[in-house]
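A.B. asks: just to be clear, the model below is a prediction. Sequence and coordinates:
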Amino acid sequence: MDELDTYWSDISAVFGLTKLFGPPLQPGVEISNNVDEKTLAYLKADHEMAEFVEDFVMDSYNIMLREEIVPTFWGHFSPKQENMKAGFDQFCSAVGRLYADVKVLSPRLEELSRLRDVCSTHRTIFGQRTVVGLFCCSLRGTMHSQLIQDWEELVRQFYSQAFSVFYKSGGSNTSQDPEDSGDWSGDLTCGGCGHQTEACLCHTISMAFQLTIARMGELGLVERLADQVVLEIVQDKITNHVQETCRGSFDCSYLASLDEWLDIVVLAWLKEAQMGGISRKKLLEHLYNTYTKARIEQLFNIIIEFPDSQPALEDLRDCLVHTDLRSHLTSSLKQVLDAKLLHPGVNTADILTAYIAAIRALRVLDGSGVVLELVCEDVRKYLKTREDTVRCIVQSLIDDSATELTEELQKTEGLHLDHSFQAPDDWECLEDWENWQPDPVDAPSKHRGRRSADIISMLVNIYGSKELFVNEYRSLLSNRLLAHCSYDTEKEIRYLELLKLRFGEVPLHQCEVMLKDIGDSKRMNSLLHTVDGGCPELQTQAFPVNSLILSAQFWPQFKAETLELPHEVTEALDVYTKAFQTLKGNRTLVWKPHLGFANIDLEIGDKKINLTVSPIHAAIIYMFQEAAEWTAQQLATSLKVPLSTLRRKITFWQSQGLLVENTTDTFTLVEEGGMKKGTGLGDMSGVTHSLEEDQEDSITASSADQREEELGMFWSYILGMLTNLESLPLERIYQMLRIFAMQGPSAVECDMQELRAFLDTKVRQHKLAFSGGHYRLPK
């Protein structure tokens, strides 16, 4: 054997290459862990040979990795395990076998490193400056080149089992009793390992996990093998924890506790798992995104429950700063509001309640008002199309029960209308310019949300004009004043003064006169009924009369209803009129017989019952003094009321058991039996019943009716145009009306849409014909 063969035999034996390249070792020969000094001296003298030996040894180890070590490791991944604990054990076994195979080569790698140091053959190969680093790089490369299908599933089971144990133990892997090793259900099952508490394996799993992670860390496989899988597991756990924590609970803040949970549980486990590549910033961003999306899904309920839900809104506001979900919030909430509110099945009052809650809640979420403007745009447009929106708003403002709008009315602020010459926020910018903030980037081009913080102003701005609200308040005030059997106006005066601060004194001057009429009427009645200066006839007549004297120019227009009172009552009214004329000179009274109340005594057998009812109810029952039986048509003719009105009003006396309908539209007085149980002297059931009916039909003409009457003034002009010019398009009619009928300070104005609706109504009434875009008179 020559000298080179001796050197090769030494190198082959020390580095374990005989199995691959020979020569075979002789039985009983002891193998040294170190290269012989002669071989070392030879390699030290021949630098190129030393590098060749190093490369040859590393190539040999790469062959071992490709053909034995790595295939054995991946072989432990089969068969696929359905149980998470079984998958955990299988992965631990795979890593244990890999670690054992690599450990066999560790002394040889150390010797190869010594050989490099002695021979001064230090090189950087594949970015690695050490032999061990180069071997670990080869190990990782070989494992990657031989990846099997679905390998991530076993890795996921391993880390999921470990995290479950760590999570259920509250972020601590110290030794615990079985009952304390995790959550357990009624069947005494451990929530960490899934076994019975008597046979809990949480501590065993924790120890096995730590050992396996330590081995993977030595091999440099932790992040390469599990980085993405662990990130997905942790993100899933964060998502589940956030959803479980904040499900249906809006009255407390969770951000601080979630942030603390992230540090105590998730990051502590990642540190134990040696996953340094997953940053806290990335996990915190995922937590904020998850929490924000969860709150956005619940935002409609959060708005409805405001102000109890303010902590949830403040959390959401803080999260929006750290996430890019603002546009998702606006689009999602807009879709929810449109789906839940904008359909005929929802009452206008409920839509207004939700809209007001949205204003208050979204003000907390976004002080600029941009989110509110974007989200509620369709709600505002839809409210404008509903006929009873203005009435609902005004009713809420003056509601006797405390509402959000009555609370807003207590604030002494003026209206902030969109068409103001200079908006209040402009003044605020001048006064507080150092704290000025620009609008968000998603703000509409015409956004003026900062100045529209006042809820009442935002409701008025749905229509852009306060005249509609003032007119509706006049109508509601007239109904309230005429629906009460007293002269007490203290409460109405208080509401009026509050409304003056909002809408100004001039638009509400007519309402002030209306309230003054009630006080003047009280004094007039007292004066006419006094013994000294009053009218003696008023004090002695069979039907005592008290009146509400209204100034016709200042009250809203009443509905045109007819009612002929009994002759005796009419004479009593005439006496009151003469007494009034005597006192007031050239002024007189025009009675509205269908308005007011009548206090009547009913004698049925030996019973005497006192009731306060509306005039038409009193007139109906009064007619049955003349005859015990009437047909509906006879009563309607005698009282000069529509038959439909009579049928509706007479049901009150039927419900009280005084009248009975023997045959269709034939009513008979019940002489015996009397009123229903519970009615007696001073009973106000008649008033209540009457008011419930009258709430359906207002005493005054509605805004739509008044507007229709105003537009009716154009009808004579339109008839003249079409008589002379035969047919005209809408635009030409509108232009001519602007010239001839819309001039002067008291002229009625309308836009083209209103005129179109008015003309279309005439077409439906067959008073006009429409074809080819032209209106003409029917032939």
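C.D. replies: Received the coordinates, thanks. Computed from a predicted structure; not experimentally measured.

A.B. asks: just the helices in the stretch 51-200 of the chain please.
C.D. replies: All helices of the stretch 51-200 of the chain, identified by DSSP state H, counting those that start in this stretch, fall at 70-75, 84-119, 131-145, 151-168.

A.B. asks: export those to CSV and append columns for distance to Ser253 and mean neighbour count.
C.D. replies: Placement of C-beta: from N, CA and C, glycine included. Converted to CSV, these look like this (distance: least, Cβ to Cβ, whole Å; neighbours: other Cβ atoms under 10 Å):
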stretch, distance to Ser253, mean neighbour count
helix 70-75, 48, 16
helix 84-119, 34, 17
helix 131-145, 45, 18
helix 151-168, 23, 21
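
A.B. asks: could I get those helices in CSV, plus columns for mean pLDDT?
C.D. replies: Below are these laid out as CSV (pLDDT from 0 to 100):
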stretch, mean pLDDT
helix 70-75, 86
helix 84-119, 85
helix 131-145, 85
helix 151-168, 83
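
A.B. asks: as TSV, those helices with distance to Leu496 would be great.
C.D. replies: Converted to TSV, the helices of the stretch 51-200 of the chain look like this (distance: least, Cβ to Cβ, whole Å):
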stretch	distance to Leu496
helix 70-75	87
helix 84-119	73
helix 131-145	83
helix 151-168	64
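
A.B. asks: looking at those, which is closest to Phe250?
C.D. replies: helix 151-168 (25.5 Å; Cβ to Cβ).

A.B. asks: other SSEs contacting the closest one?
C.D. replies: Counting contacts by 3 or more Cβ pairs under 8 Å, 6 or more residues apart in numbering; DSSP states H and E, helix 151-168 packs against helix 84-119, helix 202-219, helix 222-246, helix 268-272.

A.B. asks: strands of the stretch 501-650 of the chain, start to end?
C.D. replies: Assigned by DSSP state E, counting those that start in this stretch, the strands in the stretch 501-650 of the chain fall at 598-604, 607-613, 629-631.

A.B. asks: quick check: buried residues in the first one?
C.D. replies: Neighbour-count burial for strand 598-604, counted by 16 or more other Cβ atoms under 10 Å, picks out Ala598, Ile604.

A.B. asks: any idea how far Gly657 is from Phe250?
C.D. replies: The gap separating Phe250 from Gly657 is 52 Å, by Cβ to Cβ, to the nearest Å.

A.B. asks: looking at those two, which is more packed in?
C.D. replies: Neighbour count, other Cβ atoms under 10 Å: between Phe250 and Gly657, Phe250 has more, with 22 against 15.

A.B. asks: and the gap between Ile278 and Ser145?
C.D. replies: According to Cβ to Cβ, Ile278 stands 25 Å off from Ser145.

A.B. asks: same question, Leu333
C.D. replies: Counting by Cβ to Cβ, the gap from Leu333 to Ser145 is 51 Å.

A.B. asks: repeat that for Thr406.
C.D. replies: Applying Cβ to Cβ to Thr406 and Ser145 gives a distance of 76 Å.

A.B. asks: check Leu573 too.
C.D. replies: Distance from Leu573 to Ser145, by Cβ to Cβ: 110 Å.

A.B. asks: how about the helices in the stretch 601-750 of the chain?
C.D. replies: Assigned helices in the stretch 601-750 of the chain, in chain order: 615-623, 632-639, 643-655, 685-696, 703-711, 715-725, 730-740 (criterion: DSSP H, counting those that start in this stretch).

A.B. asks: now the angle from the last one to helix 715-725?
C.D. replies: Taking axes from the mean of the first three to the mean of the last three Cα atoms, to 10 degrees, helix 730-740 and helix 715-725 form an angle of 120 degrees between their directions.

A.B. asks: same deal with the second one?
C.D. replies: Relative orientation of helix 632-639 versus helix 715-725 (the same axes, to 10 degrees): 100 degrees.

A.B. asks: could you find the closest non-adjacent residue to Ser638?
C.D. replies: Leaving aside its sequence neighbours, Ser638 sits nearest to Met623 (Cβ to Cβ, 6 or more residues apart in numbering; 6.2 Å).

A.B. asks: who's in contact with that neighbour?
C.D. replies: Pro566, Trp630, Leu635, Ser638, Leu639 (Cβ atoms under 8 Å, 6 or more residues apart in numbering).

A.B. asks: now for those, which pair is the farthest apart?
C.D. replies: Within these, two members stand farthest from each other by Cβ to Cβ: Pro566 and Trp630, at 13.9 Å.

A.B. asks: ok, these two, which is more surrounded?
C.D. replies: Trp630 (22 against 17).

A.B. asks: so the more buried one touches Glu661, yeah?
C.D. replies: No: using Cβ atoms under 8 Å, Trp630 makes no contact with Glu661, being 10.9 Å away.

A.B. asks: got the end-to-end distance for stretch 397-404?
C.D. replies: 8 Å (Cα to Cα, to the nearest Å).

A.B. asks: so how far is the helix or strand encompassing Ser331 from its chain's centroid?
C.D. replies: Using DSSP states H and E, Ser331 sits in helix 326-341. Put simply, helix 326-341 sits 8 Å off its chain's centre (Cα atoms, centre = their mean, to the nearest Å).

A.B. asks: what do Trp630 and Glu661 both touch?
C.D. replies: Counting by Cβ under 8 Å, 6+ apart, the residues touching both Trp630 and Glu661 are Phe667.

A.B. asks: hang on, Val611 packs against Ile600?
C.D. replies: Not Val; residue 611 is Leu. Yes: here Leu611 reaches Ile600: they are 5.6 Å apart, a contact under Cβ under 8 Å.

A.B. asks: how far off helix 326-341 does the following helix or strand past the helix holding Ser331 point, in degrees?
C.D. replies: Using DSSP H and E, the helix or strand that directly follows helix 326-341 along the chain is helix 348-365. Orientation check (the same axes, to 10 degrees): helix 348-365 against helix 326-341 gives 160 degrees.

A.B. asks: what's helix 348-365 in contact with?
C.D. replies: 302-304, 306-307, 309-310, 313-314, 316-317, 320, 337, 340-342, 369, 371-372, 375-376, 379-380, 382-383, 386, 388-389, 392-393, 396, 404-405, 453, 455, 458-459.

A.B. asks: what's the closest non-adjacent residue to Leu299?
C.D. replies: Take Leu299 and drop its neighbours on the chain: the residue closest to it by Cβ to Cβ, 6+ apart is Leu333, 5.3 Å away.

A.B. asks: and the pLDDT at the one you found?
C.D. replies: Here, the pLDDT recorded for Leu333 equals 90.

A.B. asks: shift numbering so it begins at 7
C.D. replies: Okay, residue one is now 7; in that scheme the one you just asked about reads as Leu339.

A.B. asks: give the burial count for it, as a bare number.
C.D. replies: 23.

A.B. asks: ok, Pro599 to Cys541 distance?
C.D. replies: Relative to Cys541, Pro599 is positioned 21 Å away (Cβ to Cβ).

A.B. asks: go on, Arg744?
C.D. replies: Using Cβ to Cβ, one gets 54 Å for the distance from Arg744 to Cys541.

A.B. asks: among the two, which residue is more densely surrounded?
C.D. replies: Neighbours were counted for Arg744 and for Cys541 using other Cβ under 10 Å; Cys541 has more, 19 against 13.

A.B. asks: show me the contacts for the more buried one.
C.D. replies: Applying Cβ under 8 Å, 6+ apart to Cys541 gives the contacts Leu534, Val581, Lys584, Ala585, Thr588.

A.B. asks: Leu502 too?
C.D. replies: Taking Cβ under 8 Å, 6+ apart, we find Leu502 in contact with Leu483, Leu514, Cys517, Glu518, Leu521.

A.B. asks: what kind of secondary structure is the most centrally placed residue in the chain in?
C.D. replies: The chain has Phe306 as the residue nearest its centroid, 2.1 Å off, counting by Cα atoms, centre = their mean. The local conformation at Phe306, judged by DSSP: H, G, I helix; E, B strand; the rest coil, is helix.
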